[in-house]
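# Provided below are the primary sequence and the corresponding predicted coordinates.
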Amino acid sequence: MTDRWLGWRAAAQEALYGPDGFYRRPEGPAGHFRTSVHASPLFAGAVARLLCRVDEALGRPAALDFVDMAAGRGELAAGVLAALPAEVAARTHAYAVEVASRPEGLDRRIEWLPELPQQITGLLFANEWLDNVPVEVAEVDSAGVPRLVLVRQDGSERLGERVPGAEAEWLARWWPLPAEEGLRAEIGLSRDRAWAGAVASVGRGLAAAVDYAHTSDARPPFGTLTGFREGRETAPVPDGSCDITAHVALDACALPGARLLAQRDALRALGVTGARPPLALASTEPAAYVRALASAGEAAELTAAGGLGDFGWLVQPVGIPDPLHAQT
């Protein structure tokens, strides 16, 4: 298989989601990298509060959906259900959407699906999904022409044909490359389409995508394609041994009515501030002070500049007002 030259989109699709793909491995994504979900239960609590705001905007329907897209092993869905008020939890139908098999011991209230349900009424939440939707990679050749990058299973690369059709149009609109040899871009067209399809499944409610992101005013000149294995960044090799990821052009994904904001702003609007507890509490209730201090540290990590706080949130209301707008 190592002598086959494929575009990065096809190669990564097989490496990540094929029969022996990375996302079907028994240890799950948490065995290789840490997301906001794994960093602190405060993240699930914030998403639960967001779901409650969506619930209110919907008029508190008899059935409320929560969809955890690219659910890993269901950690976020389980955390959200645990954090919801009992009355809301009783009306919530939770779905975890993932290519891997249902993990043992997962809360029975969570329905495990290989693809999105239809006609969602509630919150569709996609945490670090779009960065793993495979994309074509373009590189400028010596004549100043953007060409598709081809790759073998061992990670070797070469340039292929000139970027064609719709992909070329996407580049010109969202990531124009100067005629300078070696400059690269990830062509986000497949992600735009994937996100539009996900939003189309929401009848009423909110779709939110959270990811490593960049916008048109700050595209990285050499792209962001990389790999992760056992907690460390590594070369992206499409053999199923590592995650293959690239930051998301979230501004290109956005549909009319959407809004982009940084994770720090979204989480602060949902009550995750990172404020230290008053020092006086250490004298009157030392155990409570220690717990509050630990919580403040976790909140600081989730909202930190240069880290998780820089993640982008793409918020797409469908038939309701933006439940974050008044608070940010």
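Noted; the coordinates are in hand. Keep in mind the model is a prediction, meaning the values are calculated, not measured.
# List the buried residues in the helix or strand hosting Asp192.
According to DSSP states H and E, Asp192 maps onto helix 189-200. Within helix 189-200, the residues scored as buried using 16 or more other C-beta atoms under 10 Å are 189-192, 194-195, 198-199. The C-beta positions use only the backbone N, C-alpha and C, and glycine is treated the same way.
# I'd like those residues as TSV, with pLDDT and distance to Asp20 appended.
Output for those, formatted as TSV (pLDDT from 0 to 100; distance: C-beta to C-beta, whole Å):
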residue	pLDDT	distance to Asp20
Leu189	98	27
Ser190	98	22
Arg191	98	24
Asp192	98	29
Ala194	98	23
Trp195	98	27
Ala198	98	26
Val199	98	31
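# Looking at these, which one is closest to Ala15?
Ser190 (15.1 Å; C-beta to C-beta).
# I'd assumed Val133 was in contact with the closest one.
Yes - in this structure, Ser190 is within contact of Val133 by C-beta atoms under 8 Å, at 5.7 Å.
# Show me the domain layout of this structure.
Per the record, the chain has its domains at 20-134+185-275+306-317, 136-184, by automatic domain parsing.
# Columns distance to Trp5 on top of those, output as CSV?
What follows is these, written out as CSV (distance: least, C-beta to C-beta, whole Å):
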stretch, distance to Trp5
domain 20-134+185-275+306-317, 11
domain 136-184, 4
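# Lowest average confidence across those domains, which one?
Among these, domain 20-134+185-275+306-317 carries the lowest mean pLDDT, a mean of 92.
# how far does that domain sit from the chain's center?
A distance of 4 Å separates the C-alpha centroid of domain 20-134+185-275+306-317 from that of its chain, computed with C-alpha atoms, centre = their mean, to the nearest Å.
# One more: stretch 315-328?
Averaged C-alpha coordinates place stretch 315-328 at 19 Å from its chain's average position (C-alpha atoms, centre = their mean).
# Likewise for stretch 138-158?
If you compare the mean C-alpha spot of stretch 138-158 with that of the full chain, they lie 26 Å apart, counting by C-alpha atoms, centre = their mean.
# residues in contact with that stretch?
Outside of stretch 138-158, the residues that reach it under the criterion C-beta atoms under 8 Å, 6 or more residues apart in numbering are 1-8, 11, 15, 136-137, 159-164, 167-168, 171, 177-187, 235-239.
# Just name the most buried of the domains of the chain.
The highest average neighbour count among the domains of the chain, using mean count of other C-beta atoms under 10 Å, belongs to domain 20-134+185-275+306-317 at a mean of 19.
# so how far does it reach from one end to the other?
From the first residue to the last, domain 20-134+185-275+306-317 extends over 36 Å; the measure is C-alpha to C-alpha, to the nearest Å.
# Then stretch 85-95?
Start and end residues of stretch 85-95 are separated by 18 Å (C-alpha to C-alpha).
# cool, stretch 101-118 as well?
Taking C-alpha to C-alpha as the criterion, the two ends of stretch 101-118 lie 20 Å apart.
# Any chance you could list what contacts that stretch?
Stretch 101-118 is contacted from outside by 24, 28, 65, 67, 69, 73-74, 77-78, 81, 92-99, 124, 197-198, 201, using C-beta under 8 Å, 6+ apart.
# Just these: which are in strands?
If you go by DSSP state E, the contacts of stretch 101-118 have 65, 67, 69, 92-97, 124 in strands.
# All the helices of the stretch 1-150 of the chain, in order from the start?
8-17, 36-39, 41-57, 75-83, 86-91 (DSSP state H, counting those that start in this stretch).
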